[in-house]
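J.: Next input, structure requested:
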Amino acid sequence: MGRLFSHSYGKYIFSPSWRNERITLPLVGEKIVTLPPPWGRARVGGVQASKNTMNQVSIIIPAYNAERFLAATLDSVLAQTFADWECVIVDDGSSDRTGAIAEEYAQRDGRFRAVHQANGGQAAARNSGIEAGNPECPYIIFLDSDDLWEPDALEVLTGTLSRHPEAVGAHGMARYIDENDNPIRIGELEEKLRTRHIVKGSHLVSIPAKPCTTFEMLATFGWDCIVTGAIMVRHPILSKVGLFDTKTDGKTCEDWDMWLRISRYGDFAFIDKVVLNYRQYGANMCHVSQDSSRMVQGELYVRRKAYNCPDNTPEQREQVAQAFRAAQRYHVGWKLKFCRESLSRGDFVGATKQAAYAARHFARMIQGRP
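T.: Have a look, this model is predicted:
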């Protein structure tokens with residue numbers, strides 16, 4: 001069978017794959033990880049990874065009941081023109097074949113690793129991937145289990161960071177695709193990602209795409225200009241700011257919180273090129289509804305956390321406060337619009353509800369800080 005050994009690293013138990021043979025450790029309550037072979041080079045699809053430059057990029061893919069699209073996502077990783085990567089797939093307590101697919105790819109190519117854990121949510125799954133990955137990788141990137149990379153995504157992002165050592169990370173563009181990989185809502189996401197907002201006086205101001213994305217832009221409406229899967233960050237900077245905040249689970253804002261924390265250390269380089277195909281389908285469709293309390297709660301949580309962060313400079317703290325006031329003014333306008341629409345339909349209950357939301361945002365605006 002070849003050599004066998006196991007050893008613990010933190011809270012994980014690692015299981016090496018020797019000569020493509022599966023080793024199972026009968027342990028309860030531990031996370032089983034399939035490691036790449038510790039020799040030579042990995043070759044996939046005609047692309048050979050250099051022994052000397054292996055694992056320049058750590059890719060983290062959280063996956064929960066993702067059997068429908070996970071293989072396509074992993075194939076888009078295998079198709080990368082930049083081959084010096086590791087990929088940690090975190091099966092977050094799935095009840096379908098997600099874990100089995102992850103293991104299949106780990107056996108197929110030594111650069112993949114499979115981690116299995118009880119369901120803990122997306123932030124916790126990403127954290128498990130970070131902890132299971134190689135901390136010596138210079139770069140780290142997170143990819144959702146249903147999205148697809150363009151073949152040159154890693155090459156574009158790593159190349160940008162090499163040319164801009166002052167940047168804490170780099171992010172590119174994304175486009176919408178449907179469940180059959182076909183482009184949809186063509187140009188909509190690209191236009192959204194090119195538009196940034198800052199605060200001038202007490203109003204939101206749209207500005208054109210810039211060579212970099214700043215803390216001020218992210219503090220304003222940061223979720224509008226970066227898509228996870230299209231952003232790569234320097235691993236040492238991520239280590240400084242810490243893991244994803246698991247308190248954000250269910251509030252759809254863990255990504256924004258992370259990029260905002262990282263941007264305190266510097267700007268993100270912006271690349272006006274599509275590197276990610278962002279899948280939209282069925283339950284995955286993310287439309288902002290008139291009663292999106294979950295998103296509002298998430299936004300308020302991140303803004304309060306950002307405002308009270310002890311790492312803020314006085315300028316950053318004031319930028320967060322100005323962004324908060326401008327955002328509340330923005331929300332008041334939208335809620336009053338929904339209120340008028342409800343009245344025009346004769347929906348007095350809905351109109352009352354939207355008016356109450358508007359009043360709440362107005363009160364926060366007057367308060368002046370999160």
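
J.: make it CA atoms for all contacts and neighbour counts henceforth
T.: Will do.

J.: Would you map the helices across the stretch 101-250 of the chain?
T.: 122-132, 153-163, 188-194, 215-221, 235-241 (DSSP state H, counting those that start in this stretch).

J.: so which of the ones you listed comes closest to residue 346?
T.: Residue 346 lies closest to helix 188-194 among the helices of the stretch 101-250 of the chain, at 32.0 Å (Cα to Cα).

J.: returning to that earlier point: the helices of the stretch 101-250 of the chain: which one's closest to residue 317?
T.: Residue 317 lies closest, by Cα to Cα, to one member of these: helix 215-221, at 9.8 Å.

J.: hang on, the earlier thing: quick one: which of the helices of the stretch 101-250 of the chain is nearest residue 82?
T.: Of these, nearest to residue 82 by Cα to Cα is helix 153-163, at 5.1 Å.

J.: quick one: buried residues of that closest one?
T.: 153-154, 156-158, 160-161 (16 or more other Cα atoms under 10 Å).

J.: Please tell me I have it right and residue 69 contacts residue 145.
T.: Yes - counting by Cα atoms under 8 Å, residue 145 is a contact partner of residue 69 at 6.8 Å.

J.: check contacts around the nearest residue to residue 56 once chain neighbours are set aside.
T.: What sits nearest to residue 56 in space, not counting adjacent residues and going by Cα to Cα, 6 or more residues apart in numbering, is residue 137, at 5.0 Å. By Cα atoms under 8 Å, 6 or more residues apart in numbering, the residues touching residue 137 are 55-58, 235.

J.: Apply 10 Å and report the result again.
T.: Contact analysis of residue 137 by Cα atoms under 10 Å, 6 or more residues apart in numbering lists 53-59, 84-86, 234-236.

J.: again, but for residue 143
T.: Contacts of residue 143 by Cα under 10 Å, 6+ apart are 59-63, 73-74, 77, 87, 89, 126, 149, 227-231, 276.

J.: returning to what we had before: would you format the buried residues of helix 153-163 as a markdown table with distance to residue 171 and pLDDT included?
T.: Listed next are these as a markdown table, based on distance: Cα to Cα, whole Å; pLDDT from 0 to 100:
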| residue | distance to residue 171 | pLDDT |
| --- | --- | --- |
| 153 | 10 | 98 |
| 154 | 11 | 98 |
| 156 | 10 | 98 |
| 157 | 7 | 98 |
| 158 | 10 | 98 |
| 160 | 9 | 97 |
| 161 | 10 | 97 |
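
J.: Can you say which helix or strand has residue 269 in it?
T.: If you go by DSSP states H and E, residue 269 is part of strand 268-279.

J.: One more: residue 252?
T.: Judged by DSSP H and E, residue 252 forms part of no helix or strand.

J.: got the CA positions of stretch 333-352 in CSV?
T.: The C-alpha coordinates for stretch 333-352 follow below in CSV (Å, rounded to 0.1, in the frame of the first residue of the first chain):
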residue,chain,number,x,y,z
GLY,A,333,-35.6,57.7,-0.3
TRP,A,334,-36.1,54.1,-1.4
LYS,A,335,-38.6,53.3,1.4
LEU,A,336,-40.7,56.3,0.6
LYS,A,337,-40.7,55.2,-3.1
PHE,A,338,-42.0,51.8,-2.0
CYS,A,339,-44.5,53.5,0.2
ARG,A,340,-45.9,55.5,-2.7
GLU,A,341,-46.0,52.4,-4.9
SER,A,342,-48.0,50.5,-2.3
LEU,A,343,-50.5,53.4,-2.0
SER,A,344,-51.0,53.5,-5.7
ARG,A,345,-51.9,49.8,-5.6
GLY,A,346,-54.3,50.4,-2.7
ASP,A,347,-52.0,48.4,-0.3
PHE,A,348,-52.4,50.5,2.8
VAL,A,349,-50.8,47.9,5.1
GLY,A,350,-47.7,47.7,2.9
ALA,A,351,-47.5,51.5,2.6
THR,A,352,-47.7,51.8,6.4
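
J.: list the buried ones in it?
T.: Using 16+ other Cα under 10 Å as the test for burial, stretch 333-352 gives 334-340, 342, 350-351.

J.: which of those lies closest to residue 268?
T.: residue 334 (29.9 Å).

J.: rewinding a little: what's the closest of the buried residues of helix 153-163 to residue 207?
T.: So of those, ranked by how close each gets to residue 207 (Cα to Cα), first place is residue 160, at 22.3 Å.

J.: what about that closest one, distance to residue 268?
T.: 10 Å (Cα to Cα, to the nearest Å).

J.: joint contacts of those two?
T.: Common neighbours of residue 160 and residue 268 (criterion: Cα under 10 Å, 6+ apart): 167, 169-171, 232.

J.: Would you format the residues you listed as CSV with distance to residue 365, neighbour count and pLDDT included?
T.: As requested, these are arranged in CSV below (distance: Cα to Cα, whole Å; neighbours: other Cα atoms under 10 Å; pLDDT from 0 to 100):
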residue, distance to residue 365, neighbour count, pLDDT
167, 33, 21, 97
169, 32, 31, 97
170, 33, 25, 97
171, 31, 28, 96
232, 34, 27, 98
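
J.: Between those, which sits nearest residue 304?
T.: residue 169 (24.1 Å).

J.: Least confident secondary structure element in the protein?
T.: One helix or strand of the chain scores below all others by mean pLDDT, DSSP states H and E: strand 7-9, with a mean of 30.

J.: Tell me the confidence at the most centrally placed residue in the chain?
T.: Of all residues in the chain, the one closest to the mean position by Cα atoms, centre = their mean is residue 228, 3.3 Å from it. Model confidence at residue 228, given as pLDDT, is 94.

J.: With adjacent residues omitted, what lies nearest to residue 99?
T.: residue 91 is the one closest to residue 99 (Cα to Cα, 6+ apart), at 5.5 Å.

J.: Can you give the distance of the helix or strand containing that neighbour from its chain's centre?
T.: Assigned by DSSP H and E, residue 91 belongs to strand 85-92. Strand 85-92 sits 14 Å away from the centroid of its parent chain (Cα atoms, centre = their mean, to the nearest Å).
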